[in-house]
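Student: Sequence first, then the predicted structure:
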Amino acid sequence: MASPDTDVSDLVDSLSLDEKCSLVRGAADPEGTATGYVPGVPRLDIPEFRLADGPLGIRIPGRSSTAFPASIAVASTFDPELARRQGVAMAREAKASGQHAVLGPGLNLIRVPNCGRNFEYYAEDPVVTADFAAAVVEGIQSEDVLATPKHYVANNQETKRLVVSAEVGERALRELYLPGFEAAVEAGAGSVMTAYNRVNGTHMSDHRRLVTEVLKDEWGFDGYVVSDWFGTESAVGAATAGLDLEMPGISLEALHEAFGLDPDAEMLEEGDDESIPAGETTTPRFATELKSAVESGAVPADRLDDMVARILGQMARIGLLDGDWGDGGALDTPDHRDLAETLAARGTVLLKNDDGSLPLSDDADVALVGPGVAEAMLGGGGSSEVTPAREVSALEGIRARTDGSVAFEPGVERVVTPSFFDDGPADGDDHADDFPGGKTPDIDAAADCAREADVAVVVVRDATTEGADRETLRLPGEQDELVAAVADAAARTVVVVQSGGPVELPWRDSVDAIVESWYPGQADGDALASVLYGDADPSGRLPVTFAPEDSYPTAAEERFPGVGEEAQYDEGVFVGYRHFDAADADDEPTYPFGHGLSYATFEYGDAEVRGDDAVAVEVTNASDRDGREVVQAYVRPPAVAGVERPMRELAGYAAVEVAAGETETVELSLSEHAFRRYDDSEGWTVDAGEYVVEVGRSSRDVRAETTVSR
Ligand code: GLC
């Protein structure tokens, strides 16, 4: 069993300098399974140590594991218990694969709608981000596997990710970008991964204030800090700033060799000519410079001892040093498959549903249209890619569920998500345009097919990836034209959007229903069918704001992607709904934070305060079908002279089942985070006064109000 707080100091003292240096950097995994590998010290019975990606499931070259939905889908459930269960399942799959640490959760705040990795993150809100990060960490660590919250911190874009400096004020750091990591540490994370980017001019691997003074000293983090891959800026700078483990610790070529990375992958943007010369980013620092730095005293010997102790301490914590690690591993179990489907279904958001177009009747004849309906939308490109043992496409899922007929037309060219790996669904695969029934992409044929059916279901998708941001929020290719043509022809049109974040929906007024299912993972078709046919009440809610692309606070170039190598975070705390709800906001969101419809109808009673940190409300399901509601509570602070605060901040929420015709009393705890603000000179401050607590279905659908005082 795990040995928490084992004293490893004697073991550290027994190690030679070379042995210590070998424990704080990666090497090539002789088995070729681990993303990150540290060889042990057999002389002292220190075993090998393996780390594997990623937030959506365990990635082992050539092997399959459960492909869970995108993290943004998991957050859309607004039910952190589901995320904890996902953490448990991923840890079990890690154990079954001989991996001691999971390189996840990814929890950077969704600041920029275009960010290529939004699918790997949770929300534009720090309370949702913190709750889900903590839940996944608790799940992973409960199985004696180490969680690795990433990427610390302010890694909110992919453009120039190796060099860009997030120029961000302390208040925004404290109120938005740090809380998720603090919650993950409080939840017991054994490690934290530093980001590639700089913060206020300093690379995160070398950022002493944020890595040592905040993460370790202020929050009491006693695990190890691991670099992102090739993300160590300097040996002395990083070691003395608080970095404990350099990954992968080997050259990019050695990594390609060991891990089947596509040598041409955009994994590591080499930056523009003037920023970093090719190859500069992939030189292992600790491997080449650390020993001499310790011998010269540039890196104090006791800092190296601390680095080693932190790594061995976590190995001891999970039972690795006393040889009884690994029980309870399990891959691709029925429970994991069921959980993947539950997460995908619960994370599906019903954005629009005119005239009860959904749920579909069992005997409806369906025209299923879209270039991707014959394959599950597993995820985005990059290190989070997972190869499942089984996957269910929308076509398979709907054909299995319906009593009606299902006709299929691709309509447009296939949209391909780039892959980092040789065995991934890479660009240009020869099956790129193979469609069932030998169909070819033809918008007119899709419109004709829709005309003949009772309802047209058009599945559209984007293609996001690590290493690149989206040029536009418009859907790739001619998908918008496809939706418009089908909507012109069909009696009823349902659009299913499979995206990694907010997208433009130019045809939204021309269609009858819109469902956002994000990247649903291996259970795609089954989860989609359960929502479309009403077996599951769509209870997903938006963890990000959908809005016109040029209305986001980061629309200005100096904010995103930045000018030169600096991105100005001068929107401060006004990110997402905090921006759109501001009194001087010019634009209305298309669909607001927290939005999502249900097939049931909910009525709210009055809100009443419970103590000074909770609120309760009665919720009645006034429909004839069981439903699930996500009750949300937002706090509106009192006005304080000279202080600009968001109009409202999410303080609490709960996903609750309410049977047809029944009433439930829902009590929500109010996070103190929604009351406090960070003052650059005073630190955390809670202004005295009356706070309005809004209770409702979304940030813009408030059903009851009350007040609490501070
Ligand atoms: C990547 C990613 C990180 C991942 C690591 C190992 O570049 O930024 O999320 O865990 O390298 O694949």
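Tutor: On my side now, so go ahead.
Student: if I pick the spatially closest residue to G379 that is not a sequence neighbour, what's in contact with it?
Tutor: Closest residue to G379 apart from its sequence neighbours, by Cβ to Cβ, 6 or more residues apart in numbering: Y519 at 4.7 Å. Glycine gets a C-beta too; all of them are placed from N, C-alpha and C. Shown in contact with Y519 (Cβ atoms under 8 Å, 6 or more residues apart in numbering): L56, P69, A70, A73, F119, M377, L378, G379, G380, Q498, S499, G500.
Student: want to throw the residues you listed into TSV with pLDDT?
Tutor: Formatted as TSV, those follow (pLDDT from 0 to 100):
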residue	pLDDT
L56	98
P69	98
A70	98
A73	98
F119	98
M377	97
L378	97
G379	97
G380	97
Q498	98
S499	98
G500	98
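Student: Can you list which of those are found in strands?
Tutor: Mapping the contacts of Y519 onto strands (DSSP state E) picks out Q498.
Student: For the contacts of Y519, name the two members farthest from one another.
Tutor: With distances taken as Cβ to Cβ, the most widely separated pair in the contacts of Y519 is L56 and S499, at 15.1 Å.
Student: Those two: which has the busier surroundings?
Tutor: L56 (33 against 26; other Cβ atoms under 10 Å).
Student: Pull up the gap between the more buried one and the ligand, please.
Tutor: The spacing between L56 and the ligand, counted by Cβ to the nearest ligand atom, to the nearest Å, is 11 Å.
Student: Show me the helices in the stretch 451-600 of the chain, by range?
Tutor: Using DSSP state H, counting those that start in this stretch, the helices found in the stretch 451-600 of the chain span residues 479-489, 524-532, 577-580.
Student: List just the nearest of the contacts of Y519 to E253.
Tutor: Checking the contacts of Y519 one by one against E253 (Cβ to Cβ), the nearest turns out to be G380, at 25.8 Å.
Student: Now do the same contact list for A52.
Tutor: Residues near A52 by Cβ under 8 Å, 6+ apart: 33-36, 58-60, 94, 97, 99, 101-103.
Student: Excluding sequence neighbours, find me the nearest residue to it.
Tutor: Q99 is the one closest to A52 (Cβ to Cβ, 6+ apart), at 3.9 Å.
Student: in the stretch 251-400 of the chain, what residue is nearest the ligand?
Tutor: S383 (3.4 Å; Cβ to the nearest ligand atom).
Student: on that earlier part again, which of the contacts of A52 lies closest to the ligand?
Tutor: Using Cβ to the nearest ligand atom, those come closest to the ligand at L103, 3.8 Å.
Student: Look at the spatially most central residue of the chain and report its pLDDT.
Tutor: The structure's the chain has its C-alpha centroid closest to Y121; by Cα atoms, centre = their mean the separation is 2.0 Å. Y121 is assigned 98 on the pLDDT scale.
Student: Tell me how many other residues surround R161.
Tutor: By other Cβ under 10 Å, the residues close to R161 number 26.
Student: Next one, pLDDT for it please.
Tutor: The model reports R161 with a pLDDT of 95.
Student: Endpoints of stretch 388-405, how far apart?
Tutor: Stretch 388-405 has an end-to-end distance of 28 Å (Cα to Cα, to the nearest Å).
Student: do the same with stretch 236-256
Tutor: Across its full length, stretch 236-256 reaches 27 Å end to end, with Cα to Cα as the criterion.
Student: again, but for stretch 24-40
Tutor: Stretch 24-40 end-to-end distance (Cα to Cα) = 11 Å.
Student: picking up where we left off before, can you redo the contacts of A52 as TSV with neighbour count and pLDDT?
Tutor: As requested, the contacts of A52 are exported to TSV (neighbours: other Cβ atoms under 10 Å; pLDDT from 0 to 100):
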residue	neighbour count	pLDDT
T33	20	93
A34	28	94
T35	26	93
G36	29	95
I58	31	98
R59	26	95
I60	24	95
A94	29	98
S97	18	97
Q99	28	98
A101	29	98
V102	31	98
L103	30	98
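Student: and the single nearest residue of the stretch 451-600 of the chain relative to the ligand, how many residues sit next to it?
Tutor: Taking Cβ to the nearest ligand atom, the ligand has its nearest neighbour within the stretch 451-600 of the chain at E466, 6.2 Å off. Using other Cβ under 10 Å, E466 is surrounded by 24 other residues.
Student: So the closest residue to P149 other than its chain neighbours, which state does it fall into?
Tutor: Spatial nearest neighbour of P149, chain neighbours left out: A184 (3.8 Å); criterion: Cβ to Cβ, 6+ apart. Taken by DSSP: H, G, I helix; E, B strand; the rest coil, the conformation at A184 corresponds to helix.
Student: Would you enumerate the residues in contact with S64?
Tutor: Contacts of S64 by Cβ under 8 Å, 6+ apart are L331, D332, V386, T387, P388, A389.
Student: Any of those buried? List them.
Tutor: Buried by 16 or more other Cβ atoms under 10 Å: L331, D332, V386, T387, P388, out of the contacts of S64.
Student: any idea which element the first one lies in?
Tutor: Translated: L331. Assigned by DSSP states H and E, L331 belongs to neither a helix nor a strand.
Student: Would you enumerate the residues in contact with it?
Tutor: S64, S65, T66, R92, E93, A96, S97, A389.
Student: Quick one: residues contacting Y122.
Tutor: 71-72, 74-75, 105, 107, 110, 128-129, 132-133, 180, 543.
Student: Just give the nearest non-adjacent residue to it, would you?
Tutor: Distance criterion Cβ to Cβ, 6+ apart; nearest residue to Y122, sequence neighbours excluded, is A75 at 3.9 Å.
Student: and the helix or strand encompassing that neighbour, which residues are buried?
Tutor: A75 belongs to helix 71-76 when assigned by DSSP H and E. By 16+ other Cβ under 10 Å, the buried positions in helix 71-76 come out as S71, I72, A73, V74, A75, S76.
Student: thought the second one was touching G501?
Tutor: Yes - using Cβ atoms under 8 Å, I72 is in contact with G501, at 6.5 Å.
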